[in-house]
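Undergrad: let me see the structure of the following:
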Amino acid sequence: MQGKLYIVSTPIGNLKDITLRAIETLNEVDFILCEDTRVTSILLKQYNIIKQLISFNAVSEIKKIPSIIDRLQNGQSYALVSDAGTPAISDPGIRLVSEAVKNKIQVITIPGATALIAALTVSGLPTDSFVFEGFLPQKKGRQKKLKELTEEERTIVLYESSHRITKLINELVEYFPNRYVVVCREMTKKFEETWRGYPAELKENLGDKIVKGEFVVVIAPTAFSTIVK
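TA: Purely as a prediction, here's the structure:
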């Protein structure tokens, strides 16, 4: 009998934001695939889960997939987790899932937190239709992508790191000057905060802000932005 591949969502910050089913699954599988064993070990320790961890990240995933598929086909079960949130959403994993599907291995989702949905729900912006772009290209193609997104009429959701959030806000001033923006920082964590305003306003206030942490940037549709004004 083949094993199963479980896609397990983990907390995006607050360790209490994990489902009972996720805890049960992590206890039952043979192995846990994770981006950083040190990060996942903190979560497992919190819930007294003792399980072998296997590093599985953007660098190693292609090399490790064949052996994982082989073990799945021989009856062992794996849980795939990311450092935070839902695996394969701007995180490693989609190649493994695709390969498992090709080999007729059952893939089961254990849903939970994901930063993009959390940010949308607190943004106050239209959520009936949106586009998720994840992280913009760091260098090549970044300006081209931003220009393309100026034609997008739906709510836009982006991820950004502390290293480039100032750069992104400056780019929003240039490309989206009249679009209302909501920036969520360190969601569910101790220093969680939400910034709201037009790009120029955000830039003006940025000097007083702590720009460490992980960010989700939600850009309102043009039509909604004119209403806010």
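Undergrad: mind listing residues that contact the helix ranked longest in the chain?
TA: Assignment by DSSP state H gives helix 61-73 as the longest helix of the chain. For helix 61-73, contacts defined as C-beta atoms under 8 Å, 6 or more residues apart in numbering pick out 2-5, 30-31, 33, 54, 56, 78, 92-93, 95-96, 99-100, 103, 105. Where C-beta positions appear, they are placed from N, C-alpha and C, glycine not excepted.
Undergrad: ok, 10 Å please
TA: 1-5, 30-31, 33, 35, 54-57, 76-78, 80, 92-96, 98-100, 102-107 (C-beta atoms under 10 Å, 6 or more residues apart in numbering).
Undergrad: now stretch 113-122
TA: For stretch 113-122, the surrounding residues in contact (C-beta under 10 Å, 6+ apart) are 9-14, 17-19, 22, 82, 84-87, 89-90, 125-127, 130, 132-134, 155, 157-159, 182-184, 187-188, 192, 194, 214-218.
Undergrad: can you flag the buried ones in those?
TA: Neighbour counting with 16 or more other C-beta atoms under 10 Å marks 9-13, 17-19, 22, 82, 84-87, 89-90, 125, 130, 132-133, 155, 157-159, 182-184, 187-188, 214-218 as buried within these.
Undergrad: looking at the residues you listed, which are in strands?
TA: Among these, the ones falling in strands (DSSP state E) are 130, 132-133, 155, 157-159, 182-184, 214-218.
Undergrad: what's near enough to touch the nearest residue to Phe135 once chain neighbours are set aside?
TA: Using C-beta to C-beta, 6 or more residues apart in numbering and skipping residues adjacent in sequence, the residue nearest Phe135 is Tyr159, 4.9 Å away. Taking C-beta under 10 Å, 6+ apart as the contact definition, Tyr159 lies against 89-90, 115-116, 119, 132-136, 168, 214-217.
Undergrad: 6 Å - rerun?
TA: With contact taken as C-beta atoms under 6 Å, 6 or more residues apart in numbering, Tyr159 is in contact with 90, 134-135.
Undergrad: okay, domains of the protein per the record?
TA: The record's domain parsing of the chain by automatic domain parsing lists 4-110, 115-228.
Undergrad: dump the ones you listed to TSV, plus mean pLDDT.
TA: Putting those into TSV (pLDDT from 0 to 100) gives the following:
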stretch	mean pLDDT
domain 4-110	96
domain 115-228	93
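Undergrad: number of nearby residues for Asn74?
TA: Using other C-beta atoms under 10 Å, Asn74 has 10 other residues around it.
Undergrad: could we number from 764 for the rest of this?
TA: Done: numbering now begins at 764, and the last item shifts to Asn837.
Undergrad: tell me which residues of stretch 921-928 come out buried.
TA: Quick answer for stretch 921-928 (16+ other C-beta under 10 Å): 921-923, 927-928.
Undergrad: apologies, that question was intended for stretch 878-891.
TA: 878-883, 886, 888.
Undergrad: make TSV out of those residues and add distance to Glu964 and secondary structure.
TA: Shown next, in TSV, are the buried residues of stretch 878-891 (distance: C-beta to C-beta, whole Å; DSSP: H, G, I helix; E, B strand; the rest coil):
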residue	distance to Glu964	secondary structure
Ala878	23	helix
Leu879	23	helix
Ile880	25	helix
Ala881	23	helix
Ala882	19	helix
Leu883	21	helix
Ser886	16	helix
Leu888	16	coil
